[in-house]
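> Could you look at this predicted model? Sequence included:
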Amino acid sequence: MTDARVDRLREAASAAGLKAVMATNPASIYYLTGFDPLALERLFAAVVLTGGGGALLVPRLDEEAAASAPSGLARVAYDAASDGFAELAEVFDGARAVGVEEDHVPFARVLRLQELGADPRPAGALLMGLRARKDPEEIEAVRRACSVVTEVMERMFASLRVGDVEQAVNARVAYELTEAGATESHPLVLFGANAANPHGTPGEYALAPGDVVCADISARLGGYWGDLTRCATVGPPSEWARRTWEVVSRAQAASIAACRAGTAARDVDAAQRRILEAADDLGRCLHGVGHAMGVEIHEPPFLVPRTRDSLEAGHVLTIEPGLYATGVGGIRLEDDVVVTDGEPRLLSSLPLELREVPA
């Protein structure tokens, strides 16, 4: 499958007038080769020549790991005495018009490419356009990741009790995800008024009767992310929690229904805003309704008012509307959806309900 992706990139790059494309974002390297680099300060690159050939360039200490990647690209390793650019020049084989991921390549490396005689040109959108349209294998990988997140979240809600501390709950969730095979995870389980901050930091707060719990749990398994959010109350829901959950649930359903090929991405966000902003007595709508997801947890298209992108079959999107009331809490609901040529399809099976933790 990785070689088919390389071939698609070769065709797209040739049509764009490029002689080579150099992918340096670790996510893009994984997408093209199946090799998952720990980039740090060293140069890693997947180079695809439009005339045929190319190579996966890695430091010598990663040579063995790169050799096992399921890719037909040649392997080129460089020693610690090199910064990798002399070897990169050999891979380019005289190619001048080289597409780079302009949002990822540091300016210092752009200068080094120019010193090699290359003419770096933006190719980030070209590569992301390919990555955005997931093939069946990728969609199944996201579904499997969602399944693991679902299992861990169900256990988390079942075990929550008054007195549990945010930091400890998040640590347990992260451990369980790692034990289930996750290579990365981002649990964000917030209690009470802390849940009013969508990107809050779990702290020493202990769960108390009447609190809202907002649990946003994501994990990368098999190279792809799953990302789900559900909420609960400790004891029966307050009037605010009940009404807010109902409004957010309607906003999510409307946004999911809008996830159709050809729809403007901003219109999916507009579907949530028509409902949430009419309920401003309950809280604030602080973010777009979602984003695409795959090898990276946040990928374009982003479902926000300013975007000019349109949805295509194969896009995998998070749909996650929320309302947030300072000093009270936040309610967010999130599922992962694949855009098809017909009805949008959920990739998760987590029940859509407001949970109740024993008080």
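Perfect, I can see it now.
> residue ranges for the strands of the stretch 201-350 of the chain, please.
Taking DSSP state E, counting those that start in this stretch, the strands of the stretch 201-350 of the chain run over residues 212-221, 224-234, 290-292, 299-303, 316-319, 322-325, 329-332, 335-338, 345-346.
> pLDDT on the first one, on average?
Averaging the model's pLDDT scores along strand 212-221 yields 98.
> could you check the angle strand 224-234 makes with that strand?
160 degrees (axes from the mean of the first three to the mean of the last three CA atoms, to 10 degrees).
> tell me what strand 212-221 is packed against?
helix 136-159, helix 166-179, strand 184-185, strand 188-191, strand 224-234, strand 329-332 (3 or more CB pairs under 8 Å, 6 or more residues apart in numbering; DSSP states H and E). The way it works is simple: take the backbone N, C-alpha and C, and place the C-beta from them, glycine included.
> just the last one next, same as before
Contacts defined by 3+ CB pairs under 8 Å, 6+ apart place strand 345-346 against strand 335-338.
> contacting residues around the strand it packs on?
Residues outside strand 335-338 that contact it (CB atoms under 8 Å, 6 or more residues apart in numbering) are 134, 139, 142, 146, 226-228, 252, 256, 259, 293, 314-320, 344-348, 350, 352.
> burial measure for D7, as a count.
Neighbour count of D7, defined by other CB atoms under 10 Å: 12.
> What are the boundaries of the helices in the stretch 251-359 of the chain?
Assigned by DSSP state H, counting those that start in this stretch, the helices in the stretch 251-359 of the chain fall at 265-276.
> Give me whichever of the strands of the stretch 201-350 of the chain is most buried.
The highest average neighbour count among the strands of the stretch 201-350 of the chain, using mean count of other CB atoms under 10 Å, belongs to strand 329-332 at a mean of 28.
> can I get the CA coordinates of that one in CSV?
Taking Å, rounded to 0.1, in the frame of the first residue of the first chain, the C-alpha atoms of strand 329-332 are listed here in CSV:
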residue,chain,number,x,y,z
GLY,A,329,-18.2,23.2,33.4
GLY,A,330,-18.2,22.1,29.8
ILE,A,331,-20.1,19.6,27.7
ARG,A,332,-18.5,18.3,24.5
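> mean confidence score for it?
Strand 329-332 carries an average pLDDT of 98.
> Neighbouring strands - and their directions - for it?
Sheet partners assigned to strand 329-332 using DSSP bridges are listed as strand 322-325 (antiparallel).
> Now the strand it pairs with: average pLDDT?
98.
> can you check stretch 164-174 too?
98.
> again, but for stretch 129-136
96.
> export it as PDB, just CAs?
Taking C-alpha atoms only, stretch 129-136 is exported to PDB below (Å, rounded to 0.1, in the frame of the first residue of the first chain):
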ATOM      1  CA  GLY A 129      -4.100  16.500  -0.400                       C
ATOM      2  CA  LEU A 130      -3.100  12.800  -0.800                       C
ATOM      3  CA  ARG A 131      -2.900  12.100   2.900                       C
ATOM      4  CA  ALA A 132      -6.400  13.700   3.400                       C
ATOM      5  CA  ARG A 133      -8.200  11.100   1.300                       C
ATOM      6  CA  LYS A 134      -7.900   7.900   3.300                       C
ATOM      7  CA  ASP A 135      -7.800   4.500   1.600                       C
ATOM      8  CA  PRO A 136      -9.800   1.600   3.100                       C
END
